[in-house]
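Chemist: After the sequence you'll find the predicted model.
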Amino acid sequence: MAPVQLPYMEKEQPDSPPQNTGIVTPQSRYPSANTGLWIALAAIIIVALVLRLNGINWDAGYGYTPHPDERAILDHVNQLSFPDAGELGVLLDRDASPWNPGWFPYGSFPLYLLKLVQTVVPGDHDLRILGRAVSALFDVGTVVFVYLLASRMYGWREGVLAAVLVAFAVIHIQLSHFFATDTILAFTTIAALFFMWRVASRGGLANSLIAGSLVGLGLATKVSQLPICFALVMAHFLYVLPVLDSARGIRDLRNRVVTAIGGLLVATGASIAVLILVQPYAFLDFYVFWGDVIEQSEMVRRIRDYPYTRQYIDTVPYLYQIRQLATFGLGWPLGVVAWAGLVYSSLRGMSLRWGVVYLVCGWFIPLAILLYSSSFLAIGIASIIALVALSATLLVRSRDSRCDLLLLSWVVPYLLITGAFDVKFMRYLMPVTPILIIFGIRMLIDLRHRFAMNKAYLVHLANAIIAVVVLAVVLRDCCRCAS
């Protein structure tokens, strides 16, 4: 079936300049000089890689890594071994299999990946350095997919600026210097959202297959990525939306519904297949797996008391995470823009009245439920309410703002759940931080377009704000590297 554009996507206007309507046009999406764009992207990638590999041996001289999560992961990687060809049957024996980590606070995919790298790379290497190099490469991949996602959804300027800011973001650079799950989880999240956007905009079983496979890799990295399944469903629904929102015939509607359902089934099957492939002992050793998941869920809710979680006693849910990310993860200029961008994208295209209704139903009611109870039932009910309220805004949003629902269907449920945790490690925000940055840049550029319709000096003011945000992030990192 030939790709069909969504009604709120760009229209071909080869002879007319971009209009300030918030709709991305081909002229605003890509610059006329593609060579300059590719040079800029190459420079961003190189700088991002240098920042992430610089000081990768920060614990040189120690016989072990001081990072507790990294130390635990590396210990279990060293214990893994793949059986000989004649003993493959032992893989199905959860007790005897040397491939069973028997440890599931994190997923098995990062462990298997690092073991593969250790096996393939010749020589006797420090496993810490290998792991951190892998972590750095995944985060550079995140920078690339941030550009691809933002440029396809909003425009090339949004894509370039978002990629620059993620490349220089402190939280990304810091976590790239450890081999944990955070950079891998961020990569699988952003890459999956990119292919979900392709599903929403053009359909195609191949896009559904890749998106579902990336979701499976994310779940095999950390089970906390489960709310991204909402975005997977939303992507296929958005593919049907153009027919629901027009006077096309019943046959076109039937074709799109069948394609969407088929794509969702393919994506679901791919997710499950990949999860079984890269984390088989979550099923073969289910009781140990489930016990570790329960232990981690009770840890973040402080049902179980550990010394390293007591630092979060009496911290305010949601507000604490907002402040920490703005202060230490991004810096205040970018932090304010990122969080404001979330609010802007949530309300964009709606009247004030409907915006308030959505915030009450889609944010504050789920938030109140999660503050009252952190049980699995409460998490499920709050997530469903948030998703239903978000979906209902399709009826009152402008067409050009409906595409935001794909990203919001991941970010809002994830933040509602994570923000209610009693344990508030800033790294928990890593999977949504790139999307917050995209939202913030989208907000600034959209406001710049709106200012252009009024006073020229307002455009200069918007340009100055964008420059201050970018320079603040870049100079902060440059000063840290120089010191």
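Modeler: Arrived safely.
Chemist: The lengthiest helix in the chain: which residues count as buried?
Modeler: The longest helix of the chain (DSSP state H) is helix 250-278. Across helix 250-278, burial judged by 16 or more other C-beta atoms under 10 Å covers 255-256, 259-260, 263-264, 266-268, 270-271, 274-275, 278. Yep, even glycine has a C-beta here, placed from its N, CA and C like the rest.
Chemist: Closest one of those residues to Phe237?
Modeler: The shortest approach to Phe237 among these belongs to Ala260, at 7.0 Å (C-beta to C-beta).
Chemist: got a list of what the closest one touches?
Modeler: Ala260 sits next to Gly203, His236, Phe237, Tyr239, Val240 when contact means C-beta atoms under 8 Å, 6 or more residues apart in numbering.
Chemist: let's see 10 Å
Modeler: Ala260 sits next to 199-200, 203, 208, 233, 235-241, 243 when contact means C-beta atoms under 10 Å, 6 or more residues apart in numbering.
Chemist: swap in Ala169?
Modeler: 48, 51, 139, 142-143, 175, 325, 329-331, 334, 338, 430, 433-434, 437, 473, 476-477.
Chemist: likewise Pro68?
Modeler: Pro68 neighbours (C-beta under 10 Å, 6+ apart): Ala180, Tyr308.
Chemist: And it, how far from Phe230?
Modeler: 32 Å (C-beta to C-beta, to the nearest Å).
Chemist: again, but for Phe187
Modeler: 19 Å.
Chemist: Which of those two has more residues huddled nearby?
Modeler: More crowded of Phe187 and Phe230, by other C-beta atoms under 10 Å: Phe187, with 26 against 22.
Chemist: For that one, give me its contacts.
Modeler: 135, 137-145, 214, 217-218, 221, 431, 434.
Chemist: Swap in 6 Å and give it another go.
Modeler: Each residue near Phe187 by C-beta atoms under 6 Å, 6 or more residues apart in numbering is listed here: Phe138, Gly141, Thr142.
Chemist: Run through the neighbouring helices and strands of the helix or strand where the first one lies.
Modeler: Taking DSSP states H and E as the criterion, Phe138 maps to helix 127-153. Using 3 or more C-beta pairs under 6 Å, 6 or more residues apart in numbering; DSSP states H and E, the elements in contact with helix 127-153 are helix 34-53, helix 109-120, helix 156-168, helix 182-202.
Chemist: Give me the average confidence score over that helix.
Modeler: Taken as a whole, helix 127-153 has a mean pLDDT of 96.
Chemist: Give me the distance from it to the chain's centre.
Modeler: 11 Å (C-alpha atoms, centre = their mean, to the nearest Å).
Chemist: That helix versus helix 156-168: what angle between them?
Modeler: 160 degrees (axes from the mean of the first three to the mean of the last three C-alpha atoms, to 10 degrees).
Chemist: Please report how far the closest residue to Leu161 other than its chain neighbours lies from Asp182.
Modeler: Nearest-residue entry for Leu161: Ile441, 4.8 Å, with adjacent residues in sequence omitted and distances by C-beta to C-beta, 6 or more residues apart in numbering. Look at Ile441 and Asp182: by C-beta to C-beta, they are 22 Å apart.
Chemist: how about low-confidence regions in the protein?
Modeler: 1-33, 243-251, 451-468, 470-483 (pLDDT under 70).
Chemist: quick one, phi psi at Met430?
Modeler: Here is the backbone geometry of Met430 (degrees, to the nearest 10): phi -60, psi -40.
Chemist: Give the closest residue to it in space, chain neighbours not counted.
Modeler: In space, and not counting its chain neighbours, Met430 is closest to Asp182: 4.4 Å by C-beta to C-beta, 6+ apart.
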